[in-house]
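K.L.:
The following comprises the amino acid sequence and a computationally predicted model.
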Amino acid sequence: MVKHSESPWPCQRGLAITSHTHYWLILDLIGERLTNFASSQQLVQAVCNALLAHREAHAVGILHQDISAGNITIFLGHGYLINWDLAKARSMQRPCQLTCTGTWQFMSACLIEDASAFHTFQDDLESAFWVLLWTALMF
């Protein structure tokens, strides 16, 4: 249960709190974090592999919705897109959440500007661009 959802202090100015229950299944991290890339070629290849996986999922009707530096790992030189807990069926014509989903640092400008915008394949492509740019500049 959400401990403070009914308390007066988080609901200032008439805003309501949406209660969430967060579940994590952590088995083990296989491979390396994206930020531990050995070369710029490996970084670009890992992001490309993640986008290919995303394209395959999109072809069967699934959007990942949280492409971020923490959700791409490198194993044996290949990138893997992990953490599909925010994924949704493409056929859903409305947002799954009342708020934006995803890692805001890597979200598309459209989704950040309009919290009620419908998440699209192009939004995930823009997220991959921000991941690649951020990782290259920071590491």
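P.N.:
Great, that's in hand. Numbering: from 1, shown residues only.
K.L.:
Could you pull out the buried residues of stretch 122-129?
P.N.:
Within stretch 122-129, the residues that qualify as buried by neighbour count (16 or more other Cβ atoms under 10 Å) are 123-124, 126-128. Every residue, glycine included, has its C-beta placed from N, CA and C.
K.L.:
ditto for stretch 130-138
P.N.:
Quick answer for stretch 130-138 (16+ other Cβ under 10 Å): 130-132, 134-135.
K.L.:
Output those residues in TSV; the columns should cover secondary structure.
P.N.:
Formatted as TSV, the buried residues of stretch 130-138 follow (DSSP: H, G, I helix; E, B strand; the rest coil):
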residue	secondary structure
130	helix
131	helix
132	helix
134	helix
135	helix
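K.L.:
got a markdown table for those residues, with distance to residue 66 and pLDDT too?
P.N.:
A markdown table is the format used below for the buried residues of stretch 130-138 (distance: Cβ to Cβ, whole Å; pLDDT from 0 to 100):
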| residue | distance to residue 66 | pLDDT |
| --- | --- | --- |
| 130 | 12 | 96 |
| 131 | 11 | 97 |
| 132 | 16 | 96 |
| 134 | 15 | 96 |
| 135 | 16 | 96 |
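K.L.:
Closest one of those residues to residue 80?
P.N.:
Closest approach between those and residue 80, by Cβ to Cβ: residue 131, at 13.6 Å.
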